[in-house]
Every structure is written in C-alpha cells, then in structure tokens.
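Engineer: compute the structure for the input listed below.
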Amino acid sequence: MIDEIKQALAEVMGQFADKRTHVCQMEVTAVTDGRITLAGTVLDEATLTAVLAHLAATCPEYALEASAVTILRQPAYTQMVVCTTITGLHNSPGFLSEPGSYLLNGMLVEPLQADGRWLFVRQEDGYLGWAYAPYLGDAPSAAPTHLVCEPVALLRQEPDERAGLENRVLAGTAVVVTNTQNGWQQITWAGLPGGWLPAAHLRPLTDLPQAAAAQRAQLIADAPRFTGVPYLWAGVSGYGIDCSGYVQLLYRLAGVTLPRDADMMFAAGQPVEPPYRPGDLFFFGSESGHRHISHVGMSLGGWQMIHSSRSRNGVFVDDVTAVNHLRDTFAGARSFLGD
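Structural biologist: Predicted structure coming up:
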C-alpha cells in the first residue's frame, strides 16, 4: 500500500512539474495507524489542496496529515521592486546559476523564500526564480507613467546631449516622468538617481494602443529598432535578448502582456492560419529540442519574420520559407491581438 500511496503522490505532483511557475516538492514521511504524514514545500494553498484531494480519492481509507508542508505564498504578502538597471532571475541561488530570465528596473516581485543573500521570488506573471536580495527594495509609492522604448537609452544629468552620463535605461523599463524641458523629460526610477532622457525615448502609458490595428502598427514600428541586438539565452533587453524575450518586449511596448517563454505563448495564443498579418507569432520546435516549442518570431506580414536568432546571433529578419531549419520545424502561428 505504501508504494501505491507514493505512486499517487508522484502522479499529482506531475501536474505541478513546471518549475518556471510551480513548486510542489512533497514526500510521504510516515504511514501509520491509518494516517499518511506528508512533508515538503508547495507554492500555494491551491497546490496543496489539489495534492490532498488526489490522495484522498486514491486512498480514502487514510487520514492525511500535512502540517509539516510549507506553503510559500501567503494571503498577506509583500512586494519588492528591482532597484538596479537589470538583474538575473536565476534557477538557483548564486550568480553561477543559469538565469531563466532577467528583471528590469521597477519590476515587482513577491519574495517567497530566503537563502542567504538570495530570494526566491515570483513575478506578477507567475514566473519564478532566484534574485539577488541587495538588488531589490521596497515597492515605490509613485505609479509609473511611461515606458522606455529605446533599446538602450542614455540617461543624462541635464537635458542636454552633451551633459554627463548618469546611467543607461533599457527598453521596457517603467519610469515616472516628473518634468519636461526642450524635448527632454526628467525621470525617476526605482532605487537609482534620476536624470534626463530624450522625450522620443519614452512612451506614455496612457498612449499605449488599445485597438488591434494600432497595436500591430506599433509592433511593426518598434521591431526594427532592435536589429543587431545580440542573442542572449534568457535575455530580455537591448544588452542581449532571446527569442521569447524579444517578442514579449515588443508586445509590452505595445501595451500587451505575453507569457515569458515560447511554449507558454504557443499554449496561450489564438491559432491563426495564412495569410499571416503583421504581429502574428510564428512558433518552431521539434522533439529533439529542450522543449517541444523552442523558438518564436514575429511576422512582418506573410512569411517575413523578425526574431532573435541563435544561428544569426541576434535580431534579424528571415523569410521562413527560405531557411531550411525554420521551414522544417515550423509548428504553427498564434495571435494575441483581438481583431
């Protein structure tokens, strides 16, 4: 019977196996006197409830004891904000661990667990990873007003291109504009000294397009600005970007929120067929890849696609029908724009 209980636990834990968005690490520590005792860690109460429900249905003759299971997310939780220009969201605590993604200044995270100077955090979209605690701070009281839309914007100490350089701000960063002068705008951002950016490098949140046609137009206008940005696994910025990070950033600048990774986008989007429209997303994959869906790019209209390509080492345009490995691994197209 113990083997049957452990098998049932393994089955239900498999529903929460994607460590990008789930935590479910549990074990049976004892089976005595008609009682199953469990220990481990889960992300939230809903995960624990699902596990217990499955075990109760499989082994109804046993009572379940789960007081030793740690639930990471609590009803009353705090939020922290990224206070450096950009930082890695790592798969385990430590700078030598591979990043699963990166966090831009101002992004909010929910701290779940500490390990020394590292925090296990949850982004607002549910993506999980480890962030370096000294790069995080208290959530700001002022709501952002603008998004930076220049791949790498130079933050000046004064509203003058000859003024001293204060910092570099990356596209997709949310900031607060506090002043405007002679085509420049003064910004504040989380945890760092403010400064001045050209107004053309900022996009008011109130001006983000709402209609699908306007969103498509914005996507096509922004996409070429990143041409030549080098490919970087897990990258999300003008310092280096991967395929899904690039698409996610373009959509963010057009006011649309996408899941982080290509396979997540594929699962969440609306299937579309030719003729493909600007802004439709193309997906690629094979059984030999790290995931079934392992690449994404954006249609510029028809089969012309702009994407962050590992083989091209950066953001470039390709004709899907003219590139063998793209044509052979094409898995379908999706849309997130409601027409």
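
Engineer: quick one: residues contacting the residue nearest the centre of the chain.
Structural biologist: Centrality entry for the chain: nearest residue to the mean C-alpha point is Arg260, 3.6 Å, by C-alpha atoms, centre = their mean. By C-beta atoms under 8 Å, 6 or more residues apart in numbering, the residues touching Arg260 are Arg20, Ser101, Asp125, Tyr127, Ser244, Gly245, Gln248. Backbone N, C-alpha and C define where each C-beta goes, glycine included.

Engineer: surely the first one and Gly100 touch.
Structural biologist: Yes: at 6.5 Å, Arg20 and Gly100 qualify as touching, with contact defined as C-beta atoms under 8 Å.

Engineer: what helix or strand is Pro271 located in?
Structural biologist: strand 270-272 (DSSP states H and E).

Engineer: what's the helix or strand following that strand packed up against?
Structural biologist: As assigned by DSSP H and E, the chain's next helix or strand after strand 270-272 is strand 281-284. Packed against strand 281-284, as judged by 3 or more C-beta pairs under 8 Å, 6 or more residues apart in numbering; DSSP states H and E, are the following elements: helix 262-268, strand 295-301, strand 330-335.

Engineer: possible to save the contacts of Arg260 as TSV with pLDDT, neighbour count and distance to Leu165?
Structural biologist: Below are these laid out as TSV (pLDDT from 0 to 100; neighbours: other C-beta atoms under 10 Å; distance: C-beta to C-beta, whole Å):
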residue	pLDDT	neighbour count	distance to Leu165
Arg20	98	17	36
Ser101	98	23	27
Asp125	95	12	32
Tyr127	98	19	32
Ser244	98	30	31
Gly245	98	25	26
Gln248	98	26	28
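
Engineer: what stretches of the stretch 201-339 of the chain score poorly on pLDDT?
Structural biologist: For the stretch 201-339 of the chain, the stretches with pLDDT under 70 are 288-290.

Engineer: what is in contact with Arg20 and Gly100 at once?
Structural biologist: With C-beta under 8 Å, 6+ apart as the test, Arg20 and Gly100 both reach Tyr127.

Engineer: of the helices and strands packed on strand 281-284, flag the one that's most buried.
Structural biologist: strand 295-301 (a mean of 24; mean count of other C-beta atoms under 10 Å).

Engineer: strand 330-335 and that strand, what's the angle between them?
Structural biologist: For strand 295-301 against strand 330-335, the angle by axes from the mean of the first three to the mean of the last three C-alpha atoms, to 10 degrees is 60 degrees.

Engineer: circling back to that earlier point, return the closest of the contacts of Arg260 with respect to Gly40.
Structural biologist: When those are ranked by distance to Gly40 (C-beta to C-beta), Arg20 comes first, at 18.9 Å.

Engineer: burial count for Gly228?
Structural biologist: Neighbours of Gly228 under the rule other C-beta atoms under 10 Å: 11.

Engineer: Val28 contacts Ile5, correct?
Structural biologist: Yes: at 5.8 Å, Val28 and Ile5 qualify as touching, with contact defined as C-beta under 8 Å.

Engineer: overlap in contacts, these two.
Structural biologist: Contacts common to Val28 and Ile5, judged by C-beta under 8 Å, 6+ apart, are Ile36.

Engineer: where exactly do the strands run in the stretch 51-200 of the chain?
Structural biologist: 63-71, 80-82, 86-90, 99-104, 108-115, 118-123, 128-132, 136-138, 146-148, 152-156, 165-170, 174-181, 184-189, 192-198 (DSSP state E, counting those that start in this stretch).

Engineer: nearest to Val317, out of those strands?
Structural biologist: Using C-beta to C-beta, the strands of the stretch 51-200 of the chain put strand 152-156 closest to Val317, at 20.7 Å.

Engineer: by how many degrees do that closest one and strand 165-170 diverge?
Structural biologist: 150 degrees.

Engineer: for strand 152-156, name the packing helices and strands.
Structural biologist: strand 165-170, strand 192-198.

Engineer: what residues of that strand count as buried?
Structural biologist: Residues of strand 152-156 classed as buried by neighbour count (16 or more other C-beta atoms under 10 Å): Ala153, Leu154, Leu155, Arg156.
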